[in-house]
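>>> pasting the sequence and the predicted coordinates here, then a few questions.
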Amino acid sequence: MNLYIHEGYSEEHRRGLELGEEIATLSAQLQVATYRLLVMLREFDDLGGWALPGLKSCAHWLSWRTGLDAGAAREKLRVAHALAKLPLISESMSQGDISYSKVRAVTRVATPENEQDLLQIALGGTAGQVERIVRAWRKIDLETEKELANEQQARAEVSTFEDEDGMLIVRAKLPPDIGAVFLKALEAASDVVYRKDTERPLGHRRAEALKLISEAALTSELDAGSSADRYQVVVHVDEPVLEAPEQAGQSALEGGIGVSAETSRRIACDASIVEMKHDDSGNVLDVGRKTRKITPSIRRALDARDPTCVWPGCHCKYVQAHHIKFWAEGGGTNLDNLCNLCHYHHHLVHDGGYRVDMLADGEFRFTHPRGWVIPAVPTPVRPPDTLLADIEVAENAGNAGWGGERIDMTYFVETTWRPKSAYESSESASRDP
């Protein structure tokens with residue numbers, strides 16, 4: 001206990017100092033507990049233990065099961081996986097020497113090569129100082145890479161072609177700046193893609209993510225102009241199929257590629273409808289006007305009520321309107337019969353056998369095909385009375401070694417940050433005869 005208690009201190013003052021040390025000790029224990037949590041999260045993600053019905057990712061499970069904000073859940077998983085490659089920083093956090101805030105900052109730029117330097121920065125500085133240094137570090141790294149990025153711009157290209165069975169093959173070579181945007185978009189879309197089992201290939205999940213990116217583009221900027229019809233995906237479906245999926249009839253994309261009856265019904269939930277009449281030979285007799293089942297005013301009201309997917313724990317903002325009772329079966333196109341679902345969960349409701357109902361209080365109830373209800377909020381876990389009792393930390397664990405004085409950022413950049421090649425060239429020169 002590092003208490004600066006003098007004889008003249010009152011009992012109240014003494015208790016205040018003791019309480020401060022208890023707070024510092026508990027904080028260090030919490031950092032150790034957080035480290036244990038991160039290790040468990042990484043293993044849990046690797047094992048696919050989160051892959052329960054309706055859950056799309058480990059971050060989705062963490063947000064739904066523990067009440068953590070979706071963004072914070074994704075960040076915890078990022079840090080958890082980063083620590084696996086950083087043994088020095090990982091060991092320091094496991095002992096309570098550095099906080100999660102510092103670890104979160106340094107793992108944005110840490111590599112096995114610069115880990116030792118960043119660990120010393122984390123041990124010496126406050127969380128705010130570490131954040132500032134990491135921002136400076138990242139800026140210098142970007143400046144160093146700029147020349148290479150300019151050289152790669154001329155070689156950027158994207159090509160597409162079809163293979164023998166009609167599948168589209170996409171090949172891209174992108175410079176880092178464009179590639180970074182693409183990967184961020186792919187990462188964001190991947191958050192709303194469900195991995196059916198632990199063996200599902202990464203490439204398959206990314207293909208689903210590309211579909212979401214394409215849909216987002218078509219429903220935003222490209223769908224706004226008068227030429228938007230050029231970009232629409234057209235599905236031809238016979239009326240009996242919409243009314244009852246088990247009925248015989250056509251359900252196919254333009255070009256003849258077949259899709260399931262429920263896929264047609266899912267698309268028709270939130271799409272423009274054109275009624276066409278044919279004779280027995282298939283010749284078109286009449287083409288009606290294009291209409292939307294969901295009018296702009298209802299769409300605005302629906303988006304105001306359901307700004308994200310209403311599936312438990314899902315916060316995806318790229319949504320499609322779903323008719324709780326399908327319109328071809330007599331369901332109305334009104335707020336009491338509509339909800340917003342992301343593509344994946346809309347697919348689960350139509351093709352996966354899940355059911356959604358609106359309750360009297362306006363909440364939604366989702367039911368598994370086997371009949372059990374998916375809870376909107378799981379039952380909270382009560383922590384044991386012995387929580388943190390087994391965690392021991394060193395005295396003054398987590399204290400900043402610099403004392404919090406102001407950083408001379410120019411001095412830091414000149415003396416601390418050095419490209420690896422600079423060290424190597426310097427050492428090589430000193431060895432030359």
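Structure received. Numbers count the residues shown, from 1 in each chain.

>>> contacts, neighbours, all on C-alpha from now
Noted.

>>> what's the pLDDT at residue 199?
At residue 199, the model reports a pLDDT of 56.

>>> quick one, strands of this protein?
Secondary structure of the chain by DSSP state E: the strands cover 157-162, 168-173, 235-237, 251-253, 272-273, 276-278, 284-287, 291-292, 319-323, 338-342, 355-358, 364-367, 373-374.

>>> so which of those strands is nearest residue 116?
Nearest to residue 116, of all the strands of the chain, is strand 168-173, at 34.0 Å by C-alpha to C-alpha.

>>> tilt between the closest one and strand 157-162?
Here strand 168-173 runs at an angle of 170 degrees relative to strand 157-162 (axes from the mean of the first three to the mean of the last three C-alpha atoms, to 10 degrees).

>>> contact partners of strand 168-173?
Contacts to strand 168-173, defined as C-alpha atoms under 8 Å, 6 or more residues apart in numbering, come from residues 155-163.

>>> who wins for neighbours among the residues you listed?
residue 156 (13 neighbours; other C-alpha atoms under 10 Å).

>>> correct me if wrong: that residue contacts residue 178.
No. The criterion here is C-alpha atoms under 8 Å, and residue 156 misses it with residue 178 at 9.1 Å.

>>> low pLDDT regions in the stretch 201-350 of the chain?
201, 218-233, 241, 243-260, 275, 277-292 (pLDDT under 70).

>>> show me where it has helices.
For the stretch 201-350 of the chain, the helices defined by DSSP state H, counting those that start in this stretch cover 202-218, 239-243, 261-269, 296-305, 343-351.

>>> just say which of those is most tucked in.
helix 261-269 (a mean of 22; mean count of other C-alpha atoms under 10 Å).

>>> for residue 118, see how far away residue 125 is.
According to C-alpha to C-alpha, to the nearest Å, residue 125 stands 10 Å off from residue 118.

>>> actually, residue 207.
Per C-alpha to C-alpha, residue 207 is found 37 Å from residue 118.

>>> same thing with residue 156?
Taken as C-alpha to C-alpha, the span from residue 156 to residue 118 is 34 Å.

>>> swap in residue 206?
Counting by C-alpha to C-alpha - residue 206 and residue 118 are separated by 33 Å.

>>> same deal with residue 135?
12 Å.

>>> higher neighbour count, those two?
residue 118 (27 against 16).

>>> next up, the contacts around that one.
Contacts here follow C-alpha under 8 Å, 6+ apart; on that basis residue 118 touches 106, 110.

>>> pLDDT wise, what is it at?
Confidence at residue 118, expressed as pLDDT, is 90.

>>> what does residue 19 give?
pLDDT, residue 19: 85.

>>> identify the residues contacting it.
By C-alpha under 8 Å, 6+ apart, residue 19 has no neighbours at all.

>>> could you measure from it over to residue 104?
28 Å.

>>> next: residue 76.
Distance of residue 76 to residue 104, computed by C-alpha to C-alpha: 8 Å.

>>> before we move on, the earlier item: may I see the helices of the stretch 201-350 of the chain arranged in JSON lines, with distance to residue 84 as well?
JSON lines is the format used below for those (distance: least, C-alpha to C-alpha, whole Å):
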{"stretch": "helix 202-218", "distance to residue 84": "20"}
{"stretch": "helix 239-243", "distance to residue 84": "51"}
{"stretch": "helix 261-269", "distance to residue 84": "41"}
{"stretch": "helix 296-305", "distance to residue 84": "41"}
{"stretch": "helix 343-351", "distance to residue 84": "31"}
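
>>> so what would you say the end-to-end distance of stretch 347-356 is?
Stretch 347-356: ends 12 Å apart by C-alpha to C-alpha.

>>> show residues contacting it.
Here stretch 347-356 has contacts from 54, 262-263, 265-266, 324, 364-369, using C-alpha under 8 Å, 6+ apart.

>>> swap the cut-off to 10 Å and go again
53-54, 260-267, 311, 322-325, 339, 341-342, 345-346, 364-371, 373 (C-alpha atoms under 10 Å, 6 or more residues apart in numbering).

>>> between residue 135 and residue 118, which contacts overlap?
Contact with both residue 135 and residue 118 is made by residues 105-106, 109, according to C-alpha under 10 Å, 6+ apart.
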